[in-house]
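**Q** Next input, structure requested:
(chains A, B and C)
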Amino acid sequence: MSPACDKKPGPNGLRALGQSPLPPDLVDAMLSWYGEMRRDLPWRQTRDPYAILVSEIMLQQTRVETVINRYGSFLERFPTIADLATASLDDVLAEWSGLGYYRRPRLLHRLATVVVNTYGGKIPDTLEELLELPGIGPYTSAAVGSIAFGIPALSIDGNVGRIMCRLAGIADDTRRTKVRQKLEAMAADAIECHPPGTFNQAIMELGARVCTPRSPRCDQCPCSSYCEAHALGIEEQIPPRRSKLVKAVTEYAAVIEDNGRLLMLRGQRPSLVSDMWEFPTLDSRLADTSSGSLSEKPVSSRSRAQEAKLSRYIKEQLGWSVQLGPKLGEIRHGMTDRRISCHVYEASLSGSQTTMAGAPTGLEKSDHNIPDSGWFTIEEVMALALAASARKTLTTLLDVDLTSPQSPG
DNA sequence: TTCCGGGACG
DNA sequence: CGTCCCGGAA
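**A** Below is the predicted model of the structure:
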């Protein structure tokens, strides 16, 4: 099963890098560069899996320069995983103070407890077991597994994803599963043929110091002659800018009140996480599909058309006839890829419809991905899993007091 | 001054 | 998807 670690020309000599394995010459050049240029970081001077794990947790979302200053004192304070498990969470948080993302020390503390209780204090040495531990995801399991235990797994962090996508000329989002699988396939041979931990750290180091997001130093890069993006001159376009791709999106939402209850729904729009509740909302994808030269109409006429469309949508999709009231305001909601501005209207039921008191359709039968709706009191709404925009609507447009007593539990 | 990048979880 | 946080770069 061992891969072709010997360097042979192979049948496809000059083919573009594309998605084929990393050329051995490229890998050799990168590893030589690393051997020469590697920094003597504290966590590179230990073989203790616990110390390695701590470094990887600290390095999540945090720069090397920052971690250097805190790593030593953390290990001094909690030299072994047993010490960490025994310590109080408050002590761990205090030691972590200033590093940010305080979920990490919480989960690390919980991880220590798990390792002590179920693994006898020894950090497990398989990817599957590592992945099960609190705070350890795909990246960290591969990093710890490869560095501490020599498991041949590619740890794809931002650096690694960026480099490999540039090498292969993949102008796609690194975090997509399909892309990650491609990268793993590309590196599979290389990581079998070299010490996996060294390989992972070499490529990460290259990403941190040479193949940077902006202004990459291709003239100093050992891999530039193999790099598809460099050949095409598109290295700065990879990976695609996430925040530059923000699209302005307009939505229309209705706060429908009847008998002290609000109509809420979820699972109606495919783009939303299935568990998140929201006010009935007209997507701009639906809103903008009206005929003709929409953009040439005056704004007031355009938004009146959307208001009509909103009530028609509620009637057709949810079966309620509503009377749109005054506009409450506008919620702006930044997302990774979209800047949403949501026009929120007050609304009430027209005619003699009756809302079902109590027993909203939603609360108990919360199967995933099932379109769901119901009438909720304000208190119930506040207890729902709300999308952020809905909560924003409640607090900024409806003056719901966040500090008001919540339902117990 | 603002903007941007970034793993895991729920 | 949205949140968590900070610091370096623009």
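
**Q** can you tell me if stretch A:210-220 touches DNA strand B.
**A** Yes - under the criterion of Cβ under 7 Å from any atom of the strand, DNA strand B is reached by stretch A:210-220 at residue A:213. In short, each C-beta sits where N, CA and C put it, glycine included.

**Q** With adjacent residues omitted, what lies nearest to residue A:149?
**A** Distance criterion Cβ to Cβ, 6 or more residues apart in numbering; nearest residue to residue A:149, sequence neighbours excluded, is residue A:125 at 4.4 Å.

**Q** Give me the number of neighbouring residues for the one you found.
**A** Neighbour count for residue A:125, taken as other Cβ atoms under 10 Å: 15.

**Q** Can you tell me the SS state at it?
**A** coil (DSSP: H, G, I helix; E, B strand; the rest coil).

**Q** Over to the one 5 residues further on?
**A** At residue A:130 the chain is in helix, as set by three-state DSSP.

**Q** That one and residue A:136 touch, don't they?
**A** Yes - with contact defined as Cβ atoms under 8 Å, residue A:130 counts as touching residue A:136 (5.5 Å).

**Q** intersection of neighbour lists for the two?
**A** Common contact partners of residue A:130 and residue A:136 (Cβ atoms under 8 Å, 6 or more residues apart in numbering): residue A:144.

**Q** From DNA strand C, how far off is residue A:281?
**A** Distance, residue A:281 to DNA strand C, using Cβ to the nearest atom of the strand, to the nearest Å: 11 Å.

**Q** Report the mean confidence score over the strand or helix carrying residue A:143.
**A** Here residue A:143 is covered by helix A:138-149, with elements defined by DSSP states H and E. In this model, helix A:138-149 has a mean pLDDT of 96.

**Q** which other residues reach that helix?
**A** So helix A:138-149 is contacted by A:47, A:49, A:52-53, A:56-57, A:60, A:123, A:125-127, A:130-131, A:136, A:151-157, A:180, A:191, A:196-197, A:199-201 (Cβ under 8 Å, 6+ apart).

**Q** Report the contact partners of residue A:342.
**A** A:250, A:251, A:252, A:253, A:281, A:330, A:331, A:332, A:333, A:389, A:393.

**Q** how about the last one, what does it touch?
**A** In this case it means residue A:393. Contacts for residue A:393 (Cβ under 8 Å, 6+ apart) come out as A:253, A:255, A:279, A:328, A:331, A:342, A:344.

**Q** Now with 6 Å, please.
**A** A:331, A:344 (Cβ atoms under 6 Å, 6 or more residues apart in numbering).

**Q** So the helix holding residue A:143, near DNA strand C or not?
**A** No - using Cβ under 7 Å from any atom of the strand, helix A:138-149 stays clear of DNA strand C, with a minimum separation of 12.7 Å.

**Q** Wondering if that helix reaches DNA strand B at all.
**A** Yes - residues of helix A:138-149 contacting DNA strand B under Cβ under 7 Å from any atom of the strand: A:138, A:139, A:140, A:141.

**Q** OK, contacts around the closest residue to residue A:343 other than its chain neighbours?
**A** When the adjacent residues along the chain are set aside, residue A:343 lies closest to residue A:252, with 5.1 Å between them (Cβ to Cβ, 6+ apart). For residue A:252, the contact set (Cβ under 6 Å, 6+ apart) comprises A:282, A:306, A:310, A:343.

**Q** try it again with 8 Å
**A** By Cβ under 8 Å, 6+ apart, the contact set of residue A:252 is A:281, A:282, A:287, A:306, A:307, A:309, A:310, A:342, A:343, A:345.

**Q** For chain A, what lies in contact range of DNA strand B?
**A** Counting by Cβ under 7 Å from any atom of the strand, chain A sits next to DNA strand B at A:60-62, A:100-101, A:103, A:107, A:133-141, A:157-159, A:162, A:213, A:241-244, A:273.

**Q** buried subset of these?
**A** Among those, the ones that count as buried by 16 or more other Cβ atoms under 10 Å are A:60, A:107, A:133-136, A:138-141, A:157-159, A:162.

**Q** Between which two of the residues you listed is the distance greatest?
**A** Across those, the longest distance by Cβ to Cβ is 27.6 Å; it joins A:134 and A:162.

**Q** on that earlier part again, and which of the contacts of residue A:252 is nearest residue A:43?
**A** Of all those, residue A:43 sits closest to residue A:342, with 45.5 Å by Cβ to Cβ.

**Q** did I read that right, the closest one in a strand?
**A** Yes - looking at residue A:342 with three-state DSSP, it is inside a strand.

**Q** circling back to that earlier point, pull out the buried members of the contacts of residue A:342.
**A** Among the contacts of residue A:342, those classed as buried by 16+ other Cβ under 10 Å are A:250, A:251, A:252, A:253, A:281, A:331, A:333, A:389, A:393.

**Q** Just the ones in helices from those, please.
**A** residue A:389 (DSSP state H).

**Q** Sweet, I'm off.
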